[in-house]
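Participant: Requesting a structural model of the entry that follows:
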Amino acid sequence: MNALVALCHFCELHGPRTLFCTEALHSPTPLETGGGASAQGTEPGRGSSALSCSQGEEGEEPGDGGITMRARDSALGQQATPTTTGSPAPQRADMCEGCRSLPCGHPGFISHDSETSIKYLSHQHPPHPQLFSIVRQACVRSLSCEVCPGREGPIFFGDEQHGFVFSHTFFIKDSRARGFQRWYSLVLVTMDRIYLINSWPFLLERVRTIIEGLQRKALRVFDSEQCVCPQRSLRINTVFTPGVFPHQRSGNAARSLPSLTHESGLWGALHSSFSWLLKACGSRLTEKLLEGAPTEDTLVMMERRAEQEEELIGWGGAEGDVSSQPGESQSESLLEADPTPLSEWSERVRREERGGGRFTSLRHMRQVLGASEFRLLAWHVLMGNQVIWRGADHHLIQSAFNVLKTLLPVGCVRSIPYSLQYEEAYRCNFLGLRSDAIIPAHITSSEFSVLVDVRPASRTSFYPALLCDEELLSKYQFVTTTGSPAATDKGPTLLNKLELALCNENLSEQVVQDCLLCLKEEWMNKVKVLFKFTKVDSRPKEDTHRLLGILGAADEDNVRLLKFWITGLSKTYKTHLMTAVRSPQCS
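Facilitator: Numbers count the residues shown, from 1 in each chain. Here you go, the predicted structure:
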């Protein structure tokens, strides 16, 4: 990922300062040494990554996740310092212990990604003058004006000139600091605004993991120091005079992050975490080549995914800290909630799956239910009526919905897989209920709904056993109830053609799926024409009837199908049509 991660600190003496930053180098650089040993490394709890790390002249030291750090050439390391590259880095005389991360002469850290030939370089300041200026501005803004309410949490800011920044401010406990805490921020700077916004949920989760780890370590040190010498009572009983106050404050201002956490290898661990963050964030989103215009199903799924990410961002920014206990990571709380070993859990899932049958395809469902019952059920699905399945096996009901959903465009599907009580039709057109759930009488007798009761069969040979799944499904009796008349052979054209494909045993399951896909695309194109003709162009009814005749959809069932499928069009397509009509000169 073309980005830079930096840890910043607000010093009580010198203001906002950059403590530590990691950047990705995509081109060969003389900073690489030939004598360093490579080792495969992993970020804790994240799996393996092909990274090898090098450290300063302190010798070998194992990093987090088994990363081996070996000395780099200090002469080469000095070539990358901000002083020799002309970067306006602060002088050592202007830095206190709290403003300094790596000691003077330390060459920094470097990691080599053998998979992509990318190097991850860590220093206190970026070696390039332009990068130093960008990071410096992000540091100052993250610790001054660009903060969340409460001064702790994530925020996004930036522009095209100075880059876009994901910033997360947080406090670290310090018994000697004013207010017993010091203010830090973790920023990620990049020029790609869209990529950064799309990576927000991923970055928020991983950055909070790093921050919570630092806060836990600092809290333990803070508690131990308070037990030895409580600072609150000491300060209350201390008399401050104008002459003594500045000296006392300056004496308490300089304290480094490793001393606050009692972690001697803190900067090496942060380098490993930052390197993994840049690598993982850069590889999680990939570009795919789409041949032709995207389908309506693709557009609808993209819109739903965007809405879900916006909801996650809203929940994470407003109530992200409510669900977790202080000092506990998410992984720890999950382990405590369900201590079942993975092997036992997998075996339990397999036992549940073997306990009952599943519908695997439309052809399979037609064989189990029978041709007439299947046609009636498929007719209700295509017309947009509410389809209700009631039974004790929620896995069976879920498999039935998964099969029936393939008849509709994605935008027409509103599903509640399993509920304790009846839900109205405006909320869902697929509803699963427990066997003891009560359905209102006007629903069971309505022509706009169909109910399938899954009951134990009176005899095990109720259905002919042809396949393994059907042997399991023979335990059930499927009773269909509806207030609508039986579906005639006339029906919608799509259903008639689909049944011809299902009846043809020479066609494999894959061919039937491809046939259904082509039929759906054919009728979605007719839906688009009808939508533009009626909703956008506002043509009279006489013209609409003539259009339906031309499309071969003048029958009542075909018209109902088209009107229902209009609701499944994507917002992107509708907006595009409306915009094109209002401003035809731009099209």
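Participant: need the contact list for residue 215.
Facilitator: Contacts for residue 215 were tallied using Cβ atoms under 8 Å, 6 or more residues apart in numbering; they are 170, 171, 172, 173, 327. Just so you know, the C-beta spots here come from the backbone N, C-alpha and C atoms, and that holds for glycine as well.
Participant: Could you point out which of these is nearest to residue 493?
Facilitator: Nearest to residue 493 among those, counting by Cβ to Cβ, is residue 170 at 61.3 Å.
Participant: Excluding chain neighbours, what is closest to the closest one?
Facilitator: Nearest non-adjacent residue to residue 170, counting by Cβ to Cβ, 6 or more residues apart in numbering: residue 211, 4.9 Å away.
Participant: Number of residues surrounding the one you found?
Facilitator: Using other Cβ atoms under 10 Å, residue 211 has 20 neighbouring residues.
Participant: What distance do you get for it to residue 162?
Facilitator: Residue 211 is 24 Å from residue 162, where distance means Cβ to Cβ, to the nearest Å.
Participant: I'd like the mean pLDDT over the helix or strand harbouring residue 376, please.
Facilitator: Here residue 376 sits within helix 371-383, counting by DSSP states H and E. Average pLDDT, helix 371-383: 92.
Participant: quick one, what contacts the residue nearest to residue 378 when sequence neighbours are not counted?
Facilitator: Excluding the flanking residues, the one nearest residue 378 by Cβ to Cβ, 6+ apart is residue 495, at 5.8 Å. Contact analysis of residue 495 by Cβ under 8 Å, 6+ apart lists 375, 378, 379, 382.
Participant: now the strands for the stretch 351-500 of the chain?
Facilitator: Here the stretch 351-500 of the chain has its strands, by DSSP state E, counting those that start in this stretch, at 386-390, 415-419, 430-433, 449-456, 476-482.
Participant: Can I have the buried ones of the contacts of residue 215 as a ChimeraX selection?
Facilitator: For the buried members of the contacts of residue 215, the matching ChimeraX selection, counting by 16 or more other Cβ atoms under 10 Å, is:
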select :170,171,172,173
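Participant: would you turn the contacts of residue 215 into TSV with pLDDT, secondary structure and distance to residue 570?
Facilitator: Converted to TSV, the contacts of residue 215 look like this (pLDDT from 0 to 100; DSSP: H, G, I helix; E, B strand; the rest coil; distance: Cβ to Cβ, whole Å):
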residue	pLDDT	secondary structure	distance to residue 570
170	91	strand	40
171	88	strand	44
172	86	strand	47
173	86	strand	50
327	39	coil	45
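Participant: model confidence over the longest helix seen in the chain, on average?
Facilitator: Secondary structure of the chain per DSSP state H: the longest helix is helix 200-228. The average pLDDT within helix 200-228 is 87.
Participant: if we can go back for a sec, any idea how far the residue nearest to residue 378 lies from residue 546?
Facilitator: Taken as Cβ to Cβ, the span from residue 495 to residue 546 is 24 Å.
Participant: Hmm, residue 422 and residue 440 touching each other?
Facilitator: Yes: using Cβ atoms under 8 Å, residue 440 is in contact with residue 422, at 6.6 Å.
Participant: who has more neighbours, these two?
Facilitator: For residue 440 versus residue 422, the count of surrounding residues by other Cβ under 10 Å is larger for residue 422: 17 against 10.
Participant: Not counting its neighbours along the chain, what's nearest the more buried one?
Facilitator: Spatial nearest neighbour of residue 422, excluding adjacent residues (Cβ to Cβ, 6+ apart): residue 439 at 5.2 Å.
Participant: Local confidence estimate at the one you found?
Facilitator: According to the prediction, residue 439 has pLDDT 92.
Participant: Run through the residues that contact it.
Facilitator: Contacts here follow Cβ under 8 Å, 6+ apart; on that basis residue 439 touches 388, 390, 422, 433, 451.
Participant: How confident was the prediction at the residue nearest to residue 378?
Facilitator: 92.
Participant: same deal with residue 91?
Facilitator: Note for residue 91: predicted pLDDT of 57.
Participant: could you show me where the helices are in the stretch 301-450 of the chain, in order?
Facilitator: For the stretch 301-450 of the chain, the helices defined by DSSP state H, counting those that start in this stretch occupy 330-337, 342-354, 362-369, 371-383, 394-404, 441-444.
Participant: for the stretch 101-250 of the chain, same thing?
Facilitator: 129-142, 193-198, 200-228, 231-236, 245-253.
Participant: Can you add mean neighbour count and give the strands of the stretch 351-500 of the chain back as CSV?
Facilitator: What follows is the strands of the stretch 351-500 of the chain, written out as CSV (neighbours: other Cβ atoms under 10 Å):
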stretch, mean neighbour count
strand 386-390, 24
strand 415-419, 16
strand 430-433, 24
strand 449-456, 19
strand 476-482, 17
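Participant: Adding distance to residue 179 and mean pLDDT, write those strands out as CSV.
Facilitator: Shown next, in CSV, are the strands of the stretch 351-500 of the chain (distance: least, Cβ to Cβ, whole Å; pLDDT from 0 to 100):
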stretch, distance to residue 179, mean pLDDT
strand 386-390, 59, 94
strand 415-419, 50, 91
strand 430-433, 54, 94
strand 449-456, 62, 91
strand 476-482, 66, 89
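Participant: how about these, which one is nearest residue 533?
Facilitator: Using Cβ to Cβ as the measure, strand 386-390 is the one of the strands of the stretch 351-500 of the chain that comes nearest residue 533, at 28.4 Å.
Participant: Pairing partners for that closest one, with directions?
Facilitator: Neighbouring strands of strand 386-390 in its sheet, by DSSP bridges, are strand 430-433 (parallel), strand 449-456 (parallel).
Participant: Keeping just the C-alphas, turn it into CSV.
Facilitator: In CSV, the C-alpha atoms belonging to strand 386-390 read as follows (Å, rounded to 0.1, in the frame of the first residue of the first chain):
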residue,chain,number,x,y,z
GLN,A,386,-44.7,-13.7,0.6
VAL,A,387,-43.2,-17.2,0.9
ILE,A,388,-43.4,-18.7,4.4
TRP,A,389,-41.8,-21.9,5.5
ARG,A,390,-42.6,-23.2,9.0
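Participant: okay, the angle between that strand and strand 415-419?
Facilitator: 30 degrees (axes from the mean of the first three to the mean of the last three Cα atoms, to 10 degrees).
Participant: so how far is strand 386-390 off the chain centroid?
Facilitator: When distances are taken as Cα atoms, centre = their mean, to the nearest Å, strand 386-390 is centred 31 Å away from the chain's centroid.
Participant: List the contacts of that strand.
Facilitator: With Cβ under 8 Å, 6+ apart as the contact definition, strand 386-390 has outside contacts at 377, 380-381, 397, 400-401, 404, 422, 425, 428-435, 437, 439, 443, 448-454.
Participant: one step back: which of the helices of the stretch 301-450 of the chain has the lowest mean pLDDT?
Facilitator: Between the helices of the stretch 301-450 of the chain, the one with the least mean pLDDT is helix 330-337; it has a mean of 33.
Participant: Now render the helices of the stretch 101-250 of the chain as JSON lines, adding distance to residue 411.
Facilitator: Shown next, in JSON lines, are the helices of the stretch 101-250 of the chain (distance: least, Cβ to Cβ, whole Å):
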{"stretch": "helix 129-142", "distance to residue 411": "41"}
{"stretch": "helix 193-198", "distance to residue 411": "22"}
{"stretch": "helix 200-228", "distance to residue 411": "24"}
{"stretch": "helix 231-236", "distance to residue 411": "60"}
{"stretch": "helix 245-253", "distance to residue 411": "59"}
